[in-house]
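Q: Everything below, folded, please.
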Amino acid sequence: MTTPPGPAPGQPYRPEGYGPPPLQGPSPLQGPSGQQHPMGVPPVQRPGPPPHLGGPPQGPPQGARTNVPAQAGPPEDWASLPSQAAAPEKGFLGALLDFNFNHLVTTKLIKLFYVLALLMISASAFIVVAIGLWIFDLRNGQFLGTLVILSSPVIWLFEAVMVRIFMETIVVRFKTAEYLRVIKDKL
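A: This is a model prediction of the structure:
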C-alpha cells in the first residue's frame with residue numbers, strides 16, 4: 001500500500017485547495033536563528049518606534065501618574081463637602097417646591113419613614129403577642145399560645161432587618177446621585 005504524499009516535517013497538512021498558500025521561508029515558529037521555540041510558541045516581534053519620533057521615548061508619557069498608591073475609598077476632602085455642592089441647602093418646604101429637582105426630599109424623609117416603619121413593626125409584634133395570649137387562654141392552647149408569644153420577637157427582628165435593608169438601598173441610591181453631582185461640579 002502506498003501512502004499519499006504528506007507535508008514536509010514541521011509543516012501542517014493542508015489538503016489542496018483549502019486554506020492559505022504555504023509560507024515560503026522559515027516557519028513562523030522559528031526564531032531568528034532558525035531553531036524552533038521549545039514550547040512551539042512564535043517569538044514576539046516588537047515593532048520599533050515610529051520613524052517620525054526618531055528613537056525610544058524618554059521618561060513616562062506626559063500626564064502619566066507615577067508611584068501613586070491606590071485609594072481604598074473616596075478622598076478625605078469629600079467628607080467636608082456639603083451634600084449639595086451646586087446650590088445652598090434648602091429646607092424641607094423649599095426642597096419640596098424645587099421644580100428643577102436640585103434638592104432631594106427623600107433623603108430628608110427617610111428617617112421619618114424608618115421610625116414610622118419601626119413603630120408599625122412593633123405594633124404588629126404586640127398584636128402577635130395578644131393573639132398568642134388569646135390562644136393561650138383557649139382550652140388546650142397553652143403550647144401553641146406559648147409558641148406564638150415566643151415567635152413575636154423573632155418576627156419583629158426579621159421585619160426590622162428587612163425594612164432597614166430596604167431603607168439603606170434607597171439611601172445608597174440617593175447618596176450615589178449626590179456624590180456624582182459633587183464629582184461633576186469638580187470637573
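Q: where in this protein is pLDDT low?
A: 1-8, 10-88 (pLDDT under 70).
Q: all strands in it, in order from the N-terminus.
A: Remark: strands of the chain are absent; assignment by DSSP state E.
Q: which helices and strands does the helix ranked longest in it pack with?
A: In the chain, assigned by DSSP state H, the helix with the most residues is helix 142-186. Identification of packing neighbours for helix 142-186 by 3 or more CB pairs under 8 Å, 6 or more residues apart in numbering; DSSP states H and E yields helix 106-137. In short, each C-beta sits where N, CA and C put it, glycine included.
Q: Report the angle between the helix it packs on and helix 142-186.
A: Orientation of helix 106-137 against helix 142-186 (axes from the mean of the first three to the mean of the last three CA atoms, to 10 degrees) gives an angle of 180 degrees.
Q: Packing partners of helix 106-137?
A: Using 3+ CB pairs under 8 Å, 6+ apart, helix 106-137 sits against helix 142-186.
Q: Can you name the residues that contact the nearest residue to P153 once chain neighbours are set aside?
A: Of all residues not flanking P153 in the chain, A125 sits nearest, at 7.2 Å (CB to CB, 6 or more residues apart in numbering). When contacts are counted by CB atoms under 8 Å, 6 or more residues apart in numbering, A125 touches S152, P153, I155, W156, E159.
Q: Which of those residues sits closest to K186?
A: E159 (40.9 Å; CB to CB).
Q: Just give me the neighbour total for the residue lying closest to the closest one once chain neighbours are set aside.
A: With sequence-adjacent residues excluded and distances taken as CB to CB, 6+ apart, E159 is closest to I121, at 4.6 Å. Around I121 there are 18 other residues, counting by other CB atoms under 10 Å.
Q: Would you quantify the distance from I121 to F174?
A: Going from I121 to F174 by CB to CB, to the nearest Å gives 23 Å.
Q: any idea how far the residue nearest to E159 is from F113?
A: Taken as CB to CB, the span from I121 to F113 is 12 Å.
Q: just R139 next, same as before
A: Relative to F113, and taking CB to CB, R139 is found at 43 Å.
Q: Tell me which of the two has more neighbours.
A: Remark: of R139 and F113, F113 carries more neighbours, 14 against 5, as counted by other CB under 10 Å.
Q: Let me know how buried the residue nearest to the more buried one when sequence neighbours are not counted is, in neighbour terms.
A: Distances taken as CB to CB, 6+ apart put M167 closest to F113, at 6.9 Å, once the chain neighbours are dropped. Residues near M167, counting by other CB under 10 Å, number 15.
Q: Over to G132?
A: The burial count for G132: 20, using other CB under 10 Å.
Q: Isn't it up against G145?
A: Yes: here G132 lies in contact with G145, judged by CB atoms under 8 Å, at a distance of 5.0 Å.
Q: wait, what's in contact with S151?
A: V128, G132.
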